[in-house]
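>>> sequence first, then the predicted structure, then my questions.
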Amino acid sequence: MICVSLGRTRHSAFLECHKQLAEQKAELVELRVDWLRKRPDIGVLLKDRPTPVVVTCRRKEDKGLWAGDEAQRQAVLREAIIGGAEYVDLEIDIARSIPRYGKTKRIVSYHNFDETPIELYDIYHKIVQCDPDIVKIVTMANAPSDNVRILEMLRAADVPTVAFCMGEFGTISRVLCGKMGAPFTYAGFSSEREMAPGQLTYAEMRNLYRYNKITKDTKVFGVIGDPIAHSMSPLLHNTAFRKTGTDAVYLPLRISPDFLEETLSEFDTLDISGYSVTIPHKEDVLDFVNTPDLQVDLIGAANTLFKRNGEWQATNTDFDAIAETITHAISPDGTKKLELSGKRVLILGAGGVARAAVAAMQQFQAVVVVTNRSKDRARTLAQELDCLAIDWANRGAEMCDILINCTSVGMHPKVDESPYEQHWLREGMLVFDTVYTPENTLLLKHARMRGCATATGLEMFVRQAAKQFNLFTGKEAPVDYMMETLRRYLSAAR
């Protein structure tokens with residue numbers, strides 16, 4: 001179950017939004033009455049309420065907005081209990097001063113907006129001594145491992161407990177707490193009114209992560225990177241899981257490069273079955289795996305980790321996705337074979353995607369040239385993969401048949417930039433931009449104006465995700481549906 005936190009400054013707005021949530025099939029709504037400008041009229045808020053409620057009134061010291069004194073605040077909470085609210089939220093330090101009455105259930109809570117303390121079990125046991133129906137422990141995650149500790153505590157709890165972490169690092173625990181036994185989690189009414197750092201919206205929790213469908217048997221996958229909030233991978237994979245009826249959830253997992261291997265080892269306790277890997281981990285992640293495949297050995301970078309027979313294996317689905325995207329650009333109906341022998345390919349960039357592009361093009365006996373703003377990185381890549389390298393300043397003078405942009409130049413929000421000048425392009429070239437936000441980058445717009453064939457990063461992104469989906473689930477991915485979903489999302493986000 002998802003408890004939707006609702007905070008409004010007027011009683012009429014509370015009532016209207018509560019009604020909207022009921023129409024959206026919300027099962028439990030938290031009324032954050034500390035948001036009200038006037039003293040809360042609990043009777044008005046509880047009368048004819050369309051869903052069960054949690055009444056919460058937070059002090060400023062607990063990041064709430066209550067402007068009155070403490071005696072008045074506790075009087076409001078007592079009114080909610082006498083009025084028959086289904087739940088009332090009582091902080092641990094006041095829980096004993098507000099007695100149980102009627103059928104109202106007591107949520108006794110602890111919040112820490114600075115850290116996830118070591119003594120989680122001690123805090124849990126202190127709350128248990130306060131006659132709770134539900135224990136609530138919410139802390140700030142300063143590292144991914146904080147999620148592991150709080151979820152392990154939750155899994156061991158013998159009193160109904162809601163426990164998760166706040167902040168960008170905390171997303172995984174907000175979604176997985178139900179899998180570990182929490183009676184519900186919390187979500188926001190909308191992204192404009194965030195009740196706590198890193199809080200997901202009700203729509204995200206319900207539709208993207210399908211929280212109410214998650215059980216102890218649900219498989220968990222995720223994408224690791226830093227930063228990771230912008231990733232479209234959760235949308236693609238969770239869409240594919242829903243379309244194919246797969247009991248799985250896919251999460252964004254921000255992991256610092258300094259703690260990559262340590263964090264992945266800790267995540268093993270959460271039974272995560274597979275990872276997509278993005279910047280900056282594509283090379284360093286190889287230290288964690290048991291068995292890299294031939295493509296990974298060739299490229300020196302992985303974008304996918306998956307388990308086989310209890311061991312972590314690595315592959316790089318960018319490799320095949322790049323070849324397939326270029327093939328489709330040359331022959332949309334699939335009647336032509338990709339013939340690149342002797343063709344000259346210029347690759348912009350020297351990161352993980354560039355490595356995959358070099359290796360993919362070399363498999364078709366193309367002559368590959370790389371360039372990067374960092375001369376040393378380009379030369380290192382050229383030496384490792386046995387291709388040519390040129391200075392970034394000379395890229396416009398390089399005559400090529402295929403241009404592949406593997407840099408982030410042109411990515412949102414800097415959509416007015418291009419890594420390659422328009423007058424360098426010539427008719428007959430194939431221009432492939434691996435940037436997918438936006439799909440139609442300035443580079444691709446210029447290429448079409450110059451009569452070039454084009455291939456988009458969105459196509460490649462979906463194809464590499466589809467191959468990951470197959471490795472994760474053993475099922476064929478709904479590629480067209482994934483493509484349509486991503487295009488629709490990006491169009492709506494403009």
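Nice, thanks for sending it over. Note that the structure is predicted; figures quoted are calculated from it, not measured.
>>> elements contacting the longest helix belonging to the chain?
As assigned by DSSP state H, the longest helix anywhere in the chain is helix 457-473. Helix 457-473 is packed against helix 233-244, strand 272-277, strand 304-308, helix 317-330, helix 479-492, with contacts defined by 3 or more C-beta pairs under 8 Å, 6 or more residues apart in numbering; DSSP states H and E. Heads up, the C-betas are built off the backbone N, CA and C, glycines and all.
>>> same for the fourth one, what does it pack against?
On a contact count with 3+ C-beta pairs under 8 Å, 6+ apart, helix 317-330 meets helix 352-363, strand 430-433, strand 453-456, helix 457-473.
>>> show me which positions of the longest helix of the chain end up buried.
For helix 457-473, burial by neighbour count (16 or more other C-beta atoms under 10 Å) applies to 457-469, 471-473.
>>> let me know the closest of those residues to V479.
A466 (4.9 Å; C-beta to C-beta).
>>> how about the nearest residue to the closest one, chain neighbours excluded?
What sits nearest to A466 in space, not counting adjacent residues and going by C-beta to C-beta, 6 or more residues apart in numbering, is A477, at 3.6 Å.
>>> kindly report the same for K216.
K179 (5.8 Å).
>>> now do N470
A477 (5.9 Å).
>>> and the lowest-mean-pLDDT helix or strand in the chain, how far out from the chain's middle?
Ranked by mean pLDDT, DSSP states H and E, the weakest helix or strand in the chain is strand 291-292, scoring a mean of 80. Centroid separation for strand 291-292 versus its chain: 26 Å, with C-alpha atoms, centre = their mean, to the nearest Å.
>>> after that strand comes which helix or strand?
With elements assigned by DSSP states H and E, the helix or strand that comes after strand 291-292 is helix 294-299.
>>> skip the chain neighbours and tell me the closest residue to G102.
G84 is the one closest to G102 (C-beta to C-beta, 6+ apart), at 6.1 Å.
>>> one more: L251?
Per C-beta to C-beta, 6+ apart, closest to L251 is G222, 4.2 Å.
>>> wait, that neighbour touches A248, no?
No. Using C-beta atoms under 8 Å, G222 makes no contact with A248, being 10.6 Å away.
>>> those two: which has the busier surroundings?
Taking neighbours as other C-beta atoms under 10 Å, G222 and A248 compare with G222 leading, 26 against 22.
>>> wait, is that one part of a strand?
Yes. Counting by DSSP: H, G, I helix; E, B strand; the rest coil, one finds G222 located in a strand.
>>> quick one: residues contacting it.
I172, Y250, L251, P252, L253, I272, Y275, S276 (C-beta atoms under 8 Å, 6 or more residues apart in numbering).
>>> what do you get if the cut-off is 10 Å, keeping everything else the same?
With contact taken as C-beta atoms under 10 Å, 6 or more residues apart in numbering, G222 is in contact with 171-172, 175, 228, 231, 233-234, 237, 249-253, 255, 267, 270, 272-276.
>>> please name the nearest non-neighbouring residue to I137.
A163 (4.5 Å).
>>> pretty sure the one you found sits in a strand.
Yes. Counting by three-state DSSP, A163 is located in a strand.
>>> what about it, distance to L176?
Taking C-beta to C-beta, to the nearest Å as the measure, A163 falls 11 Å from L176.
>>> for I107, list the residues it contacts.
3, 30, 54-56, 87-91, 95, 127, 132-136, 160, 162, 183.
>>> pLDDT of the helix or strand it falls within, averaged?
Following DSSP H and E, one finds I107 within strand 105-112. Per-residue pLDDT over strand 105-112 has a mean of 98.
>>> now it, how far from the chain's geometric center?
Here strand 105-112 is found 27 Å from its chain centre; the criterion is C-alpha atoms, centre = their mean.
>>> quick one: strands adjacent to that strand?
strand 87-91 (parallel), strand 134-140 (parallel) (DSSP bridges).
>>> so the helix or strand following that strand versus strand 134-140, what angle?
The element immediately downstream of strand 105-112 (helix or strand, assigned by DSSP H and E) is helix 120-128. Here helix 120-128 runs at an angle of 140 degrees relative to strand 134-140 (axes from the mean of the first three to the mean of the last three C-alpha atoms, to 10 degrees).
>>> got the buried residues for stretch 115-123?
Applying 16+ other C-beta under 10 Å to stretch 115-123 flags T116, L120, I123 as buried.
>>> how about the contacts made by the closest residue to the last one other than its chain neighbours?
The shortest distance from I123 to any residue that is not its chain neighbour, by C-beta to C-beta, 6+ apart, is 5.3 Å, and that residue is Y110. Under the criterion of C-beta under 10 Å, 6+ apart, the contact partners of Y110 comprise 62, 91-93, 117, 120, 123-124, 126-127, 135-139, 163.
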